[in-house]
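Enquirer: With the input below, show me the fold.
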Amino acid sequence: MVTHRRVSLPTSRRRLIAQIVDLLGGAVGGVLARPRPASAQQSAGFPSRMLRIIVPFTPGGANDVVAREIAAGLQASLNQTAVVENKPGGGGTIAYAYVAKLPPDGHVMLIAPASFTMGPHLSRNPIYDPVNEFAPINLVADVPFVMVVPASLPVRTAKELVALAKNSPGKLTFGSVGVGTPQHFGGELFKLQAGVDLIHVPFRGATAVMPDLVAGRIDMFIGAVNSLLPLIREGSLRSLATASASRIAALPDVPTLAEAGFPGCEVGSGVGLVAPAATPPDVVATLNREISAIIATPGFHQRMAAIGVDVVGTTPEAYAKFIREDYAKWGKVVAAAGIKPE
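Expert: Numbering: from 1, shown residues only. Prediction:
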């Protein structure tokens, strides 16, 4: 029979060992009791497959160019294939509703232009909610807007245009590229701020409105500077004011509408990136960090300047605030202008 002799340790040594065991036990117990948050678990291996950026318009426009620049940058920095998919139709609503219903894992993002926050106000039964169905990532860029008139119209400032409109009530027109577009809402906002009556004439796209605008069959247009600049420089159109918060580098002598006496008339075409709601915060943070690094490069700035796009860049929180405020702003414009949802 084997007997075990109990060895007595000095009191001080027993106390030291007990303290070590307590510390180790507490640390292990703490790890077991506190599992990693779901977002951290989900984002640990992100991205695990191809990244997709959905563009709500056909290829070739500013939104598409920005998306392809971001996709190329993400593919290089995250070592994962990144592609751009164009999903036009319904003024962007087809793409917006499609992305809203996708799994919220960050592998699919949406380019969100200005119409993203405008569209729901024109429908009695909106098919997407820009505030609650998406996780904002980064407001990457903005396409500044400028107010122009035909060279034949005898006005040289926004105030002169207002005076002419007030002297000819119900006669002057403004064009847009369709109901519910930034060009339409920009015109409606100016009407409200200036207190004038201008007749809205919608066209099917910018290529359709330009001939009538240049010929003087349309009296005013508020649109993207990158598409209007060639006509301004050749003298076919006259720029009265910019609809941005600050002057446009390409038109340094043209005042903003606020400087011209009409504050609050800001409209542009922001180009942001959002993901489906409930995308893990860590994934959103990763995408924001990588996109911020891409758009901070001199090459990105140069390529955006070449197409008339201003680089912005925000945190997810700042972009979320922008979306909320923009959505509320255009809702008020629609109501004040008496535009009836269909």
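
Enquirer: what helix or strand is Ile70 on?
Expert: Using DSSP states H and E, Ile70 sits within helix 62-78.

Enquirer: For that helix, list every residue counted as buried.
Expert: By 16 or more other C-beta atoms under 10 Å, the buried positions in helix 62-78 come out as 62-71, 73-74. Heads up, the C-betas are built off the backbone N, CA and C, glycines and all.

Enquirer: would you turn these into JSON lines with pLDDT?
Expert: Output for these, formatted as JSON lines (pLDDT from 0 to 100):
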{"residue": "Ala62", "pLDDT": "88"}
{"residue": "Asn63", "pLDDT": "92"}
{"residue": "Asp64", "pLDDT": "93"}
{"residue": "Val65", "pLDDT": "94"}
{"residue": "Val66", "pLDDT": "96"}
{"residue": "Ala67", "pLDDT": "97"}
{"residue": "Arg68", "pLDDT": "97"}
{"residue": "Glu69", "pLDDT": "97"}
{"residue": "Ile70", "pLDDT": "98"}
{"residue": "Ala71", "pLDDT": "98"}
{"residue": "Gly73", "pLDDT": "97"}
{"residue": "Leu74", "pLDDT": "98"}
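
Enquirer: that older thread, now the helix or strand that the helix holding Ile70 is followed by - C-alpha only, PDB.
Expert: Going down the chain from helix 62-78, the next helix or strand is strand 82-86, by DSSP H and E. The C-alpha coordinates for strand 82-86 follow below in PDB (Å, rounded to 0.1, in the frame of the first residue of the first chain):
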ATOM      1  CA  ALA A  82     -13.900  44.500 -55.900                       C
ATOM      2  CA  VAL A  83     -16.300  45.200 -58.800                       C
ATOM      3  CA  VAL A  84     -18.800  47.800 -59.800                       C
ATOM      4  CA  GLU A  85     -22.300  46.800 -60.900                       C
ATOM      5  CA  ASN A  86     -24.500  49.300 -62.700                       C
END
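
Enquirer: Just checking: what are the partner strands of strand 82-86?
Expert: strand 51-55 (parallel) (DSSP bridges).

Enquirer: any idea of the angle the partner strand forms with helix 62-78?
Expert: Inter-element angle recorded for strand 51-55 and helix 62-78: 170 degrees (by axes from the mean of the first three to the mean of the last three C-alpha atoms, to 10 degrees).

Enquirer: Longest strand in the chain, please.
Expert: Secondary structure of the chain per DSSP state E: the longest strand is strand 134-150.

Enquirer: what about that strand, average pLDDT?
Expert: Mean pLDDT, strand 134-150: 96.

Enquirer: And it, how far out from the chain middle?
Expert: 7 Å (C-alpha atoms, centre = their mean, to the nearest Å).

Enquirer: That one: partners in the sheet, and parallel or antiparallel?
Expert: Looking at strand 134-150 with DSSP bridges, its partner strands are strand 220-224 (antiparallel), strand 237-242 (antiparallel), strand 268-276 (antiparallel), strand 310-311 (antiparallel).

Enquirer: Need the winner for burial among those.
Expert: strand 220-224 (a mean of 26; mean count of other C-beta atoms under 10 Å).

Enquirer: what's downstream of it, the next helix or strand?
Expert: Strand 220-224 is succeeded, C-terminally, by helix 225-233 (DSSP H and E).

Enquirer: Could you check how far that next one is from the centre of its chain?
Expert: Taking mean C-alpha positions (C-alpha atoms, centre = their mean), helix 225-233 and its chain are 23 Å apart.

Enquirer: Compute the inter-axis angle for the helix holding Ile70 and helix 225-233.
Expert: 130 degrees.

Enquirer: related to what we said a few turns ago, and the next helix or strand past the longest strand of the chain?
Expert: helix 158-167.

Enquirer: what stretches of the stretch 151-300 of the chain score poorly on pLDDT?
Expert: Scanning the stretch 151-300 of the chain for pLDDT under 70 picks out nothing.

Enquirer: and the residue lying closest to Tyr96 once chain neighbours are set aside, how far is that from Tyr319?
Expert: Excluding the flanking residues, the one nearest Tyr96 by C-beta to C-beta, 6 or more residues apart in numbering is Tyr128, at 4.4 Å. From Tyr128 over to Tyr319 the distance is 17 Å, taken as C-beta to C-beta, to the nearest Å.

Enquirer: Could you do Arg289 as well?
Expert: 14 Å.

Enquirer: Then Ala100?
Expert: For Ala100 relative to Tyr319 (C-beta to C-beta), the value is 16 Å.

Enquirer: higher neighbour count, these two?
Expert: Between Ala100 and Tyr319, Tyr319 has the larger neighbour count (other C-beta atoms under 10 Å), namely 24 against 20.

Enquirer: my read: the more buried one touches Ile137, true?
Expert: Yes: judged on C-beta atoms under 8 Å, Tyr319 makes contact with Ile137 at a distance of 6.9 Å.

Enquirer: between the two, what contacts are shared?
Expert: 272, 274 (C-beta atoms under 8 Å, 6 or more residues apart in numbering).

Enquirer: quick one: average confidence on the helix or strand Glu325 falls within?
Expert: Using DSSP H and E, Glu325 falls within helix 316-337. Across helix 316-337, pLDDT averages out at 95.
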